[in-house]
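Novice: I'd like to go over a predicted model; first the sequence, then the structure.
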Amino acid sequence: MSKVAILCYLLVAAYAPDFASSFTTPTLRSKTTTTTSRSNQGQNHNLALDLLHPLRHSLYQPNVSARSKTFLQSQTTQADVTTTDTTTTPEIIGTVALLVPSSDQPSKFGSKSPVQPPSYREAAEQLARKIKQFSDGRIAARVVTPSDVDTSSVLNSNALIALGLTTPQDVQFLSRTFRQRRTAGEEEQSSKMCHFAVDCGDNNYAPIVGPYDEANPSVVSEIAPWSDVASGKRLATQMKDLFDKQTSDEFALALMLFFNRFIDKIPWVQHSIDVTWEKGLGNVEEIYNMVTKCGPCITKCLADENCKACIEALDEIDTRDQVASYRTVVSYESELLRDFSLCILQKNNIFGCTAEVPKIPYVKPLGAFRGQEMTKDIAKGIMIGHLEGCGDAALEGCKELDVSWKVACGANVAYDQFPSQNQLFYPSAKGDSMWYDPVFRVETIDGRNVWCKRHYRVRNEKVPGTFRFSVLDNGVTSDEFWTIVDVAEDLSWIVFHYAGAAGAVGQRYIGGLLCTPDGTLPPESEMEKIWDVLRSAEIEPWELFVVDNDDTSPGALEAGPPPLDFYRKTASVIG
């Protein structure tokens, strides 16, 4: 059990003894059953205050680095004073330099894509775009090589990430640059900088994250886990793990976590539902509200082995990591887990989370189909695709299959890697809305293969070819904006773009899908056009994850037939 979790429990025990005496599991991280009797409540009270004293001191201790202006802070300060029209131009809060080899070479990105890996420069150019997307345009990223005439950004940027530098000349430049940044940071006591070397040989070049410097570790990071130095150390480990996964989403996420912690709030990762040292006393208020407002749901969940296992698994990760958190949730989903999340997250918003659907990038919807201007009816027919039994709502060329589309590959690392992804779009009996039922297979974290299914309401947006999706997913409502980017006239393939948010957990996401009737990739003759379509949505082909739609694979056979009609058989359908 973490020290923060112990502290929170002791404070609850001290100030809410009636609840604590009846609560059998002290915190979500606890693996054992513990009870608190009346006889030890006084001891808990005193111990809680003893533990609280240094934490309270750290919460109100002025940040030493705030007293000086550094060369790293200058760019942020200048952006603050020069930005005048925030409605059209986002305020730049910081900068990133992506340092790539002088002579281009293949990277490790795109290992699961349908195309060859990009070069480090190609990858970095897309990573710069992804950083802009995740920061709502508030973080500026630049791609640099050691041989560039102007390399000042490697010293002046808040974050420097070196990618794939291995030649002697490049390594010499990297080592010199890191030394200069380290010296400048020490002189100015800056906490607004970080640098990492990724895939640059066996030497990791001692990363810096905020006030934490791996080359000059401070004992404070060990004895004061609530301190900024300790926070930087934890974040350094997390960022390294994310960088090593070699995906654009997780790369951008790592940088958002740094900027959010040490420079300014980033909505993409601003909120957390975890117990953390960084929250300080906020943990106590959150746990107190949880147990007073949702005590029965918590008790029922923790009394069930499956639900409790999910909470314990979530407690071991940073839930802002959408890849890890979503796979964990779908591995253990149940009615008890849904009720637990619904009460704590959706109904009471214990953690005060908010999230809006991302507006960057803007993706233009398809304007015409088969020589006709796009209309809402045509767009609906395109969505229905090849699903049987939809009558006049379906378009000519519908193959009358048991699915509308199958996902051949997708661009979101958290949601588009699942195997056997089936999409069912069908009309509602009332009004112009539709239903969307994705049915996909999950390889759970304990090795099982199971089917998961969702039931979305789909409404037309103002512009034909755009839609608003909403769903209650394991107790949390998600709001999504979908766009038909392009589709083959014979309905042999379609490209979607989506942007979504789950406000109750503070999560935002974007992605894209290439779908076909049977889930296989289109012919090679079509692919170049499709890649251009994806690029128009700011998605590079190497960011895609090919979906395993093999019905004869061991995992598919273990899961059994997909429950494609689970929702549709009880819904009123036109046709």
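Specialist: Everything's here; your move. Residues are numbered from 1 along each chain as shown.

Novice: going by C-alpha atoms from here, please, whenever you check contacts or count neighbours.
Specialist: Fine.

Novice: where do the strands of the stretch 401-550 of the chain begin and end?
Specialist: 405-410, 422-427, 434-443, 449-453, 456-460, 466-473, 476-487, 494-502, 507-516, 545-546 (DSSP state E, counting those that start in this stretch).

Novice: go on, the stretch 101-250 of the chain?
Specialist: For the stretch 101-250 of the chain, the strands defined by DSSP E, counting those that start in this stretch occupy 139-144, 159-163, 194-198, 208-209, 212-213.

Novice: centre of the chain to the last one, how far?
Specialist: When you say that, I think you mean strand 212-213. Put simply, strand 212-213 sits 25 Å off its chain's centre (C-alpha atoms, centre = their mean, to the nearest Å).

Novice: other residues contacting that strand?
Specialist: Contact with strand 212-213 is made by A206, P207, S218, D228, V229, A230, G232, K233, as judged by C-alpha atoms under 8 Å, 6 or more residues apart in numbering.

Novice: if we go to 7 Å?
Specialist: Strand 212-213 has contacts (C-alpha atoms under 7 Å, 6 or more residues apart in numbering) with P207, V229, G232, K233.

Novice: now swap in the third one and tell me
Specialist: Outside of strand 194-198, the residues within contact range by C-alpha under 7 Å, 6+ apart are 158-164, 204-205, 207-210.

Novice: and among the strands of the stretch 401-550 of the chain, the most buried is which?
Specialist: Burial of the strands of the stretch 401-550 of the chain is given as mean neighbour count (mean count of other C-alpha atoms under 10 Å); strand 405-410 ranks first at a mean of 28.

Novice: tell me what it is packed against?
Specialist: When contacts are defined as 3 or more C-alpha pairs under 7 Å, 6 or more residues apart in numbering; DSSP states H and E, strand 405-410 sits against strand 422-427, strand 507-516, strand 545-546.

Novice: okay, the angle between the longest one and strand 405-410?
Specialist: So the one you mean is strand 507-516. 110 degrees (axes from the mean of the first three to the mean of the last three C-alpha atoms, to 10 degrees).

Novice: so what's the nearest residue to E480 once chain neighbours are set aside up against?
Specialist: Nearest non-adjacent residue to E480, counting by C-alpha to C-alpha, 6 or more residues apart in numbering: G500, 4.0 Å away. If a contact means C-alpha under 7 Å, 6+ apart, then G500 has V357, P358, S478, D479, E480, F481, R508, Y509, I510 as its contacts.

Novice: report the lowest-confidence entry in the contacts of strand 194-198.
Specialist: pLDDT across the contacts of strand 194-198 is at its lowest for N204, which sits at 79.

Novice: spatially nearest residue to that one, not counting backbone neighbours?
Specialist: Counting by C-alpha to C-alpha, 6+ apart, N204 lies nearest to A197, which is 5.9 Å off, once chain neighbours are set aside.

Novice: for L401, see how far away the one you found is.
Specialist: A197 sits 50 Å away from L401, going by C-alpha to C-alpha, to the nearest Å.

Novice: neighbour count: those two, which is higher?
Specialist: A197 (23 against 14; other C-alpha atoms under 10 Å).

Novice: is the more buried one in a bridge, and if so with what?
Specialist: Beta-bridge partners for A197, by DSSP bridges, are A162.

Novice: any idea of the pLDDT on it?
Specialist: The model's pLDDT for A197 equals 97.

Novice: could you do R568 as well?
Specialist: The per-residue pLDDT of R568 was computed as 89.

Novice: shaky segments in the stretch 51-200 of the chain?
Specialist: Low-confidence segments of the stretch 51-200 of the chain (pLDDT under 70): 51-88.

Novice: now with 90, please.
Specialist: 51-90, 104, 185-191 (pLDDT under 90).

Novice: where exactly do the helices run in it?
Specialist: Residue ranges of the helices in the stretch 51-200 of the chain, as given by DSSP state H, counting those that start in this stretch, are 73-82, 120-134, 153-156, 168-188.

Novice: equivalent analysis for the stretch 301-450 of the chain, please.
Specialist: 305-315, 322-332, 335-341, 376-384.

Novice: packed most tightly, which of these would that be?
Specialist: Most buried among these, counting by mean count of other C-alpha under 10 Å: helix 376-384, with a mean of 22.

Novice: just the pLDDT for the closest residue to F109 other than its chain neighbours.
Specialist: In this structure, F109 finds its nearest non-sequential neighbour in Q246, 5.1 Å apart by C-alpha to C-alpha, 6+ apart. Here the pLDDT value assigned to Q246 is 95.

Novice: can you get me the start-to-end distance on stretch 447-462?
Specialist: Using C-alpha to C-alpha, one end of stretch 447-462 lies 44 Å from the other.
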